[in-house]
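Asks: only geometry, no sequence info:
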């Protein structure tokens, strides 16, 4: 197929931060073009957003139902090839389900759905249709995160014993939701965010990163969740002890009231013979330690793994940042979708993106950590129910 893949978007209109990120990431490598969208819960805002994006007025829709129905009626090659869903949590399920039922592949912002049961339904539908489905746990896209994963697979640090993953922010230290700030308002509203705020927004990123890098699965947890800001219904801070399925122990800390912190995502993994440390604030560096050596591995500086190199765009010394990592997730999904459309087996290298299965585990994490935080039981089993 010698053309760009065509993307439709649900949500992400004027003033929506994550929609812009998705559009930049999807189009960064010249493989995708945005052709249509239903960008807002109101037709007027959707139309205005479409005008800002220079889309043809007849491809800007009032709602996702209209978009999917009318796009399906267009000839193949003209209609959208996949849909990107960038709405608040409560609006992930319905457009994902309708898109899959009408033959469209999906990229969905995390978390996958509003409830675990919805996520399981989407997983079953993806497996039934065979359509590619991507959930944007985008931190997996950093080259040095992939380097860490590859080193662990190769046994470079031995059997894993301890995992520490942290994601502190400070932006919700005050009642920002009362000021009309849209991002704060929906994240702290149970009717839109679901059963969790901090853990659904960033805690699930931390859990996914820990499992992706180590290749392990969280098996049970002990959680302490708190809403420090008065009047806030959902938690804004969480501290979680983890057990992994190989016997390793872990700590997960996620917070939105850590004053002065921005997006300080940080992971440390310790095995029997070595340790690895990566911090998003210095994304080009992975620190590798043994009992008698410390080595700094750098993006685009050899020797690094083939997978890390594959996901590096710029020469050494140029930061591979948040949007590039996001773009890596899109690029792998797009290459897989191209193979699907052509009826071919995808290149195994491009299957390295979070799928609906990771989305279900993310929803199971949210359900389990909230249950553990509300329970007097010390260890709460992590299950996909």
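Replies: All right, it came through fine. Everything quoted here is computed from the prediction, not taken from an experiment.
Asks: now the protein, which segments are flagged as low pLDDT?
Replies: For the chain, applying pLDDT under 70 flags the ranges 384-385.
Asks: Which helix in it has the most residues?
Replies: The longest helix of the chain (DSSP state H) is helix 322-342.
Asks: Give me the buried positions along that helix.
Replies: Neighbour-count burial for helix 322-342 flags 322-340 (criterion: 16 or more other C-beta atoms under 10 Å). From N, CA and C alone the C-beta is placed, and that goes for glycine too.
Asks: One more: stretch 228-248?
Replies: 229, 232, 234-238, 240-244, 248.
Asks: Tell me who's in contact with the residue most central in space within the chain.
Replies: Centroid check for the chain by C-alpha atoms, centre = their mean gives residue 137 as the closest residue, at 1.9 Å. By C-beta atoms under 8 Å, 6 or more residues apart in numbering, residue 137 lies in contact with 110, 204, 205, 208, 209, 212, 329, 354, 358, 362.
Asks: Residue 77 now?
Replies: Residues in contact with residue 77 (C-beta under 8 Å, 6+ apart) are residue 3.
Asks: elements contacting the longest helix of the chain?
Replies: Counting by 3 or more C-beta pairs under 8 Å, 6 or more residues apart in numbering; DSSP states H and E, the packing neighbours recorded for helix 322-342 are strand 5-11, helix 17-27, strand 105-108, strand 133-135.
Asks: how about 10 Å then?
Replies: For helix 322-342, the elements it packs on are strand 5-11, helix 17-27, strand 32-38, strand 82-86, strand 105-108, strand 133-135, helix 143-153, helix 306-310, judged by 3 or more C-beta pairs under 10 Å, 6 or more residues apart in numbering; DSSP states H and E.
Asks: Quick check: which of the ones you listed is nearest to residue 175?
Replies: Residue 175 lies closest to helix 17-27 among the helices and strands packed on helix 322-342, at 19.5 Å (C-beta to C-beta).
Asks: And that closest one, what's buried?
Replies: For helix 17-27, burial by neighbour count (16+ other C-beta under 10 Å) applies to 18, 19, 20, 21, 22, 23, 25, 26, 27.
Asks: I'd like to check the angle between it and strand 5-11, please.
Replies: Angle, helix 17-27 to strand 5-11, by axes from the mean of the first three to the mean of the last three C-alpha atoms, to 10 degrees: 180 degrees.
Asks: Please shift the residue numbers so they start at 27 in all later answers.
Replies: That works, and once the first residue is 27, the last one we named lands at helix 43-53.
Asks: picking up where we left off before, pick the most buried one from the helices and strands packed on helix 348-368.
Replies: Mean neighbour count, computed with mean count of other C-beta atoms under 10 Å, is highest for strand 159-161 among the helices and strands packed on helix 348-368, reaching a mean of 29.
Asks: And it, what does it pack against?
Replies: Short answer (3+ C-beta pairs under 10 Å, 6+ apart): strand 159-161 packs on strand 108-112, helix 119-127, strand 131-134, helix 142-155, helix 348-368, helix 382-400.
Asks: What number of residues are in the vicinity of residue 203?
Replies: 20 (other C-beta atoms under 10 Å).
Asks: show me what contacts it?
Replies: Residue 203 makes contact with 209, 210, 211, 212, 213, 214, 215, 223, 255, 257, 258, according to C-beta atoms under 10 Å, 6 or more residues apart in numbering.
Asks: and it, that's in a strand?
Replies: No - under DSSP: H, G, I helix; E, B strand; the rest coil, residue 203 sits outside any strand and is assigned helix.
Asks: Once you drop chain neighbours, what's closest to it?
Replies: Closest residue to residue 203 apart from its sequence neighbours, by C-beta to C-beta, 6 or more residues apart in numbering: residue 210 at 4.2 Å.
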